[in-house]
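**Student:** can't give you the sequence, but here's the structure:
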């Protein structure tokens, strides 16, 4: 699967982050850099050095998000997905010990800061794709293969 898939919610979150960085964070940091530069000697000016570094990080993130947004394909819910595991599904699985996990299968750009999201490229997601409730999925792990049963599949509509 391509790592350039994204849910509608993830796409909106990236656009919101881009808007915040470009319209609020960057202008504020630019004002701080200008103020710190007006104080004189920049080589020993901690405010200037810190804010210049922050400005570079903001610009780097803005470039990254813009480039990613150009290449992404938003995947929306389709009724044909119902009952099977596809991109964007919330899946509840259970292993042999009775341990259950619930997570959403999403694109690479959406997993950060989310404990209950996994990448479509992960071994777990690849093992679950196209399976139905009640099916078993064999997931390759460093310690050997693990068997998980699918308890529930849901989609945000």
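**Tutor:** Happy to help now that I have it. Keep in mind the model is a prediction, meaning the values are calculated, not measured.
**Student:** who touches residue 25 in this structure?
**Tutor:** residue 58 (Cβ atoms under 8 Å, 6 or more residues apart in numbering). C-betas here are computed from N, CA, C, even on glycine.
**Student:** now do the SS call for it.
**Tutor:** Using DSSP: H, G, I helix; E, B strand; the rest coil, the structure places residue 25 in helix.
**Student:** now it: how far from residue 11?
**Tutor:** 20 Å (Cβ to Cβ, to the nearest Å).
**Student:** same question, residue 109
**Tutor:** 9 Å.
**Student:** okay, and the common contacts of the two?
**Tutor:** residue 72.
**Student:** beta partners for the closest residue to residue 83 other than its chain neighbours?
**Tutor:** Distance criterion Cβ to Cβ, 6 or more residues apart in numbering; nearest residue to residue 83, sequence neighbours excluded, is residue 132 at 5.7 Å. Applying DSSP bridges to residue 132 gives these bridge partners: residue 84.
**Student:** check contacts around residue 132.
**Tutor:** By Cβ under 8 Å, 6+ apart, the neighbours of residue 132 are 83-85, 150, 153.
**Student:** are any of those residues buried, and which?
**Tutor:** 84-85, 150, 153 (16 or more other Cβ atoms under 10 Å).
**Student:** for those residues, give me JSON lines that also has pLDDT and distance to residue 124.
**Tutor:** JSON lines is the format used below for the buried ones among the contacts of residue 132 (pLDDT from 0 to 100; distance: Cβ to Cβ, whole Å):
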{"residue": "84", "pLDDT": "93", "distance to residue 124": "16"}
{"residue": "85", "pLDDT": "95", "distance to residue 124": "10"}
{"residue": "150", "pLDDT": "96", "distance to residue 124": "11"}
{"residue": "153", "pLDDT": "95", "distance to residue 124": "14"}
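**Student:** what sits up against stretch 58-70?
**Tutor:** The list of residues contacting stretch 58-70 from outside it, by Cβ under 8 Å, 6+ apart, reads 4, 11, 14-15, 17-18, 21-22, 25-26, 29, 109.
**Student:** swap in 10 Å and give it another go.
**Tutor:** With Cβ atoms under 10 Å, 6 or more residues apart in numbering as the test, stretch 58-70 has contacts from 3-4, 6, 11, 14-15, 17-19, 21-22, 25-26, 28-30, 107-109.
**Student:** much appreciated, bye for now.
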